[in-house]
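# Okay, structure incoming, though there's no sequence with it:
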């Protein structure tokens, strides 16, 4: 029998107590503390070491999403966190449960997604004896977490959980792992003194207020610049500063480009927006970086996929870098004016500063001409078949730029970034830094839970989708109307593209000729499936699918040989882009 | 270039692993490391000698260390007036025929004999790393059987001269 969440909760409401609740154990306090943090949903998977925790959850329920694999749970939590702005909460058991989370934890670390991840652990009495389902998850996750904890005293539960949420959600967000030995969850809880429950982190004091002198310097630089440019990253989104970004850009008439993860920080059709920069960004945005005399980086980390060859990067620019993480400033690009601050506070300070405007009219005009001359391009014809870019233009049109869109990594991700113009922030969920296949679909489930009324579209490749498609189970179970659009080119598209371009067309292990029938697969999960092979079909069926209130899977058979252009070839500078014009 | 870096940390299990793990992840080569708790048993101090390529890498190292939640303070004390000490234990072949000679050689180093056997003797010596290098060089011809060094630990001096000389080992 299938139950919806609401139904399940109804069943849970009856208190099932076999003994008088005289004293709380660690697991009870764990659940209570999560409730204090207003956790509305947990993504998880039970197992031996977390039995006491799931028992406490049974008695004192919080909505729990039972993914079908721990990796699905954590990517869903990432999607939830990215869209809601809240901390994503994950529970998995010890050993394999915990190690299945590793990819998601690393992904969240790279893309600064706030997660608190609870892993079960064998009892402290047997840690270190290679006990059943024991894994050193503290050691394993140490380099891929913002911080991690192992609970060693039942009384520490409130403090550790409070600190974990504090660390995950403040400063530069990131994942925090809390490892819970089984005997800590079952151990009796003796309430510690109030001060011993509070956050006590003398070594963790993130700076959010910008230094006034640095703001002055930046304002000075803005007023003398002729060709200034704003590079806005995901820091703008984490700081919820997209309004301030637009106000700042408009006030000083400075054009804006985004990093991949920063998309949505400014409206996709904003007149000052040049499109995404970087390896597959717009020619105009990349040339603006190469020719600007002032580059104002707001919450981006100068990732190598953005900068191309650093030796040629922004050769004429004075660099202002606003980042909440001081370690990012000067890491890749020498910075003249560092501003360690929350993006919102720094932008507010710059807006309030009343610096005289530089004259950017000529600069904006030349960029507008470039925008018209070098749009993204593709060559469609009936003989060639359905192109992925056509699908994405239709998705944009039918959702009016208002959908929550999630992707994996690769060609489909780049095309989505190029062709989907986000009208508002916090609707874009993609795996940027780690580049995780299998991320997009479970992330869409979490995103839909964060925004139940939004249209959530998961754009995935046929290969990446097959890495986490087991989560299709959740769509009908939870009545999650996610639209899964597979850009199916029967290949690892980006791998194939690089093999074509850089490895003499030797398609080593990148072509997948045998695939499941995705429509039948959808049916197996009780979901409506479509197969689309032509542009004409796409126009009709995509519309129908996207307008539906049900979960839908759409298998779009697209041209295998289509390449993502333009492109900055690795090792070259941004100005050396290839494929900027149709051949 | 060699740098001496002190890191004040909260004294809890895993913190050494965290710091050395960070250095490994960011491709820094640790030449030596010493750790011990401070006057406050809840706080430990680590002293590293690290090889870094350039200023930019050094800045990254300091910032990444500072970013760790358990790290309270990071200091690059290389350019400061500092006291640097290291301890070494050296087991040297010392048959009766040369024992008197060996014992007299070590005298200026104020090393002490901490163990003796029929044909070997073990010395303990403390001082700056250069002094220990010199001590070892001097004993080499007699045949060093075993050698262990603790790595440096360091303090910033109470009075700081402006533009004071840098320790030669660090150049």
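Sure, I can see it. What you are looking at is a predicted structure, and each value in this text was computed from that prediction instead of being measured. Numbering: from 1, shown residues only, chains lettered A, B, ... in the order given.
# which parts of chain B sit against chain A?
Contact residues (CB under 8 Å from any CB of the partner chain) of chain B with chain A: B:9-10, B:14, B:17-18, B:21-22, B:25, B:56, B:59-60, B:63-64, B:66-72. In short, each C-beta sits where N, CA and C put it, glycine included.
# Can I get the buried part of those as one PyMOL selection?
With 16 or more other CB atoms under 10 Å in any protein chain shown as the criterion, this PyMOL line picks the buried residues out of these:
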select buried, chain B and resi 9+10+18+22+59+60+63+64+67+68+69+70+71+72
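# Out of the residues of chain B next to chain A, which sit inside strands?
Using DSSP state E, the subset of the residues of chain B next to chain A located in strands is B:9-10, B:71-72.
# Touching, residue A:50 and residue A:93? I think so.
Yes: Residue A:50 lies in contact with residue A:93 (CB atoms under 8 Å); the separation is 4.7 Å.
# anything in contact with each of those two?
Common contacts of residue A:50 and residue A:93 (CB atoms under 8 Å, 6 or more residues apart in numbering or on different chains): residue A:120.
# Residue of chain B closest to chain A, please.
In chain B, no residue comes nearer to chain A than residue B:63, which is 3.9 Å away by CB to the nearest CB.
# Now for the ones in strands among the residues of chain B next to chain A: which two are most distant?
B:10 and B:71 (8.0 Å; CB to CB).
# Can you check which residues contact both of those two?
residue A:203.
# What average pLDDT does the lengthiest strand in chain B get?
As assigned by DSSP E, the longest strand anywhere in chain B is strand B:82-93. Mean pLDDT, computed over strand B:82-93, is 94.
# tell me the domain ranges of the chain?
All of this refers to chain A. A:26-186, A:212-374, A:382-564 (the TED database).
# Oops, wrong one, chain B.
B:2-76, B:83-155.
# so which of those domains comes closest to residue A:258?
Nearest to residue A:258 among these is domain B:2-76 (25.4 Å), distances taken as CB to CB.
# now the end-to-end length of that closest one.
End-to-end distance of domain B:2-76: 11 Å, with CA to CA, to the nearest Å as the criterion.
# Residue B:115: how many residues sit nearby?
Neighbourhood size, residue B:115 [other CB atoms under 10 Å in any protein chain shown]: 11.
# ok and the one helix or strand it maps to relative to strand B:82-93, angle-wise?
Taking DSSP states H and E as the criterion, residue B:115 maps to strand B:112-116. Note on geometry: by axes from the mean of the first three to the mean of the last three CA atoms, to 10 degrees, strand B:112-116 and strand B:82-93 are set 30 degrees apart in direction.
# tell me the mean pLDDT for the helix or strand just after strand B:112-116?
Counting by DSSP H and E, the next helix or strand C-terminal to strand B:112-116 is strand B:120-127. Strand B:120-127 shows an average pLDDT of 95 in the prediction.
# which is the next helix or strand following strand B:120-127?
Going down the chain from strand B:120-127, the next helix or strand is helix B:129-139, by DSSP H and E.
# Show me which positions of that next one end up buried.
Residues of helix B:129-139 classed as buried by neighbour count (16+ other CB under 10 Å): B:129, B:131-132, B:135-136, B:139.
# what's the most distant pair in these?
B:129 and B:139 (15.9 Å).
# Once you drop chain neighbours, what's closest to the closest residue to chain B within chain A?
For chain A, the residue closest to chain B is residue A:327, as judged by CB to the nearest CB, at 3.9 Å. Spatial nearest neighbour of residue A:327, excluding adjacent residues (CB to CB, 6 or more residues apart in numbering or on different chains): residue B:63 at 3.9 Å.
# shouldn't the one you found be in contact with residue A:338?
No: counting by CB under 8 Å, residue B:63 stays clear of residue A:338, with 10.9 Å between them.
# Where does pLDDT dip in the chain?
You didn't say which chain, so I picked chain A. Scanning chain A for pLDDT under 70 picks out A:1-22.
# look at chain B instead
B:162-171.
# repeat that for 50
Where chain B drops to pLDDT under 50, the residues are B:164-171.
# In three-state terms, label the nearest residue to residue A:94 once chain neighbours are set aside for me.
Nearest non-adjacent residue to residue A:94, counting by CB to CB, 6+ apart: residue A:49, 3.8 Å away. Assigned state for residue A:49: helix (three-state reduction, DSSP: H, G, I helix; E, B strand; the rest coil).
# Which residues are in contact with residue A:49?
A:93-95, A:97, A:120-122, A:133, A:180-182.
# Just among those residues, which is most surrounded?
residue A:121 (30 neighbours).
# and it, bridged to which residues?
residue A:181 (DSSP bridges).
# Identify the residues contacting it.
Here residue A:121 is in contact with A:49, A:94, A:98, A:127, A:134, A:137, A:150, A:179-182 (CB under 8 Å, 6+ apart).
# 6 Å instead?
Shown in contact with residue A:121 (CB atoms under 6 Å, 6 or more residues apart in numbering or on different chains): A:49, A:94, A:179, A:181.
# Mind naming the longest helix for the chain?
Just going to use chain A. Taking DSSP state H as the criterion, chain A has its longest helix at helix A:70-84.
# you looked at the wrong chain, it should be chain B
helix B:55-67.
# I'd like the distance from it to the chain centre, please.
Chain-centre distance of helix B:55-67: 21 Å, with CA atoms, centre = their mean, to the nearest Å.
# For that helix, which helices and strands make contact with it?
strand B:71-76 (3 or more CB pairs under 6 Å, 6 or more residues apart in numbering or on different chains; DSSP states H and E).
# mind listing what the strand it packs on pairs with, with the direction of each?
By DSSP bridges, strand B:71-76 pairs with strand B:2-10 (antiparallel).
# Please work out the angle formed by the directions of the partner strand and helix B:55-67.
Counting by the same axes, to 10 degrees, strand B:2-10 lies at 10 degrees to helix B:55-67.
# Contact partners for the residue nearest in space to the middle of chain B?
What sits nearest the mean C-alpha location of chain B, by CA atoms, centre = their mean, is residue B:152, with 1.4 Å. The contact partners of residue B:152, taken as CB under 6 Å, 6+ apart, are B:32, B:49, B:84, B:86, B:129.
# quick revisit: take the domains of chain B and write them to JSON lines, including distance to residue A:207.
Below are the domains of chain B laid out as JSON lines (distance: least, CB to CB, whole Å):
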{"stretch": "domain B:2-76", "distance to residue A:207": "11"}
{"stretch": "domain B:83-155", "distance to residue A:207": "29"}
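# Near residue 127, how many residues? Count them for me, please.
Picking chain A for this. Residues lying near residue A:127 (other CB under 10 Å) number 19.
# wait, chain B
Count around residue B:127 with other CB under 10 Å applied: 18.
# swap in residue A:358?
Neighbours around residue A:358, by other CB under 10 Å: 20.
# That one in helix, strand or coil?
State at residue A:358, reduced to three classes by three-state DSSP: coil.
# neighbours around residue A:361, how many?
Residue A:361 has 10 nearby residues by other CB under 10 Å.
# To clarify, my last question referred to residue B:108.
Going by other CB under 10 Å, the residues that sit close to residue B:108 add up to 11.
# what kind of secondary structure is it in?
helix.
# quick one: which two of the contacts of residue B:152 are the most distant?
Between any two of the contacts of residue B:152 (CB to CB), the greatest distance is 10.8 Å, for B:32 and B:84.
# more crowded one of those two?
Neighbour count, other CB under 10 Å: between residue B:32 and residue B:84, residue B:84 has more, with 20 against 16.
# Show the contacting residues for the more buried one.
Per CB under 6 Å, 6+ apart, neighbours of residue B:84: B:128, B:152, B:154.
# from those residues, which single one is nearest residue A:81?
When the contacts of residue B:84 are compared against residue A:81 (criterion: CB to CB), the nearest one is residue B:154, at 43.0 Å.
# Now that that closest one has come up, it's in contact with residue B:82, right?
Yes: Residue B:154 is within contact range of residue B:82, at 5.1 Å (criterion: CB atoms under 6 Å).
# So which of these two has more stuff around it?
residue B:154 (24 against 19).
# Excluding chain neighbours, give the residue nearest to residue A:336 in space.
In space, residue A:336 comes closest to residue A:318 once its chain neighbours are excluded; the distance is 4.9 Å by CB to CB, 6+ apart.
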